[in-house]
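**Q** just coords:
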């Protein structure tokens, strides 16, 4: 988790994009600045996905949000709210092109 958060923080610094990552599990200090780290407020199946979908639904500018996921159910949920979607593989290529 720390490694991913660090890579995303570096991407955010270089790209100027705001980045939020949502993890499952018990919250802990990821130790990374430059990226917003959240933990799903509940445990269990799809907890992080549910939090991501809620965040998109609550965003007044959901059309300006890009969710990175290859999970078809989550993709359908966030697209129905207007968010853009990028697959994990595509985003990995994006990160590599920026760094």
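**A** Sure thing, it's come through. Quick caveat: nothing in here was measured; it's all calculated off a predicted structure.
**Q** show me where this structure has helices.
**A** All helices of the chain, identified by DSSP state H, fall at 2-15, 47-58, 72-79, 88-98.
**Q** hmm, who's touching the shortest one?
**A** To tie it back to what came earlier, the one meant is helix 72-79. Helix 72-79 is contacted by residues 46, 49, 52, 53, 56, 62, 65, 67, 69, 85 when judged by C-beta atoms under 8 Å, 6 or more residues apart in numbering. Using the backbone N, CA and C atoms, a C-beta is placed for each residue, glycine as well.
**Q** reformat the helices of the chain as TSV; add mean neighbour count and mean pLDDT.
**A** Listed next are the helices of the chain as TSV, based on neighbours: other C-beta atoms under 10 Å; pLDDT from 0 to 100:
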stretch	mean neighbour count	mean pLDDT
helix 2-15	16	91
helix 47-58	18	97
helix 72-79	16	97
helix 88-98	13	87
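**Q** for those, which one sits closest to residue 35?
**A** Of all those, helix 2-15 sits nearest to residue 35, with 4.4 Å by C-beta to C-beta.
**Q** what is the closest one packed up against?
**A** strand 20-23, helix 88-98 (3 or more C-beta pairs under 8 Å, 6 or more residues apart in numbering; DSSP states H and E).
**Q** partners of the spatially most central residue of the chain in the sheet?
**A** Among the residues of the chain, residue 21 comes closest to the average C-alpha position under C-alpha atoms, centre = their mean, at 3.9 Å. Beta bridges link residue 21 to residue 37, judged by DSSP bridges.
**Q** give me the pLDDT value at it.
**A** Looking at residue 21, its pLDDT is 95.
**Q** over to the one 5 residues further on?
**A** Confidence at residue 26, expressed as pLDDT, is 90.
**Q** could you check the pLDDT of the residue lying closest to it once chain neighbours are set aside?
**A** Nearest in space to residue 26, with sequence neighbours left out and distances taken as C-beta to C-beta, 6 or more residues apart in numbering, is residue 39 at 7.2 Å. Listed pLDDT for residue 39 reads 96.
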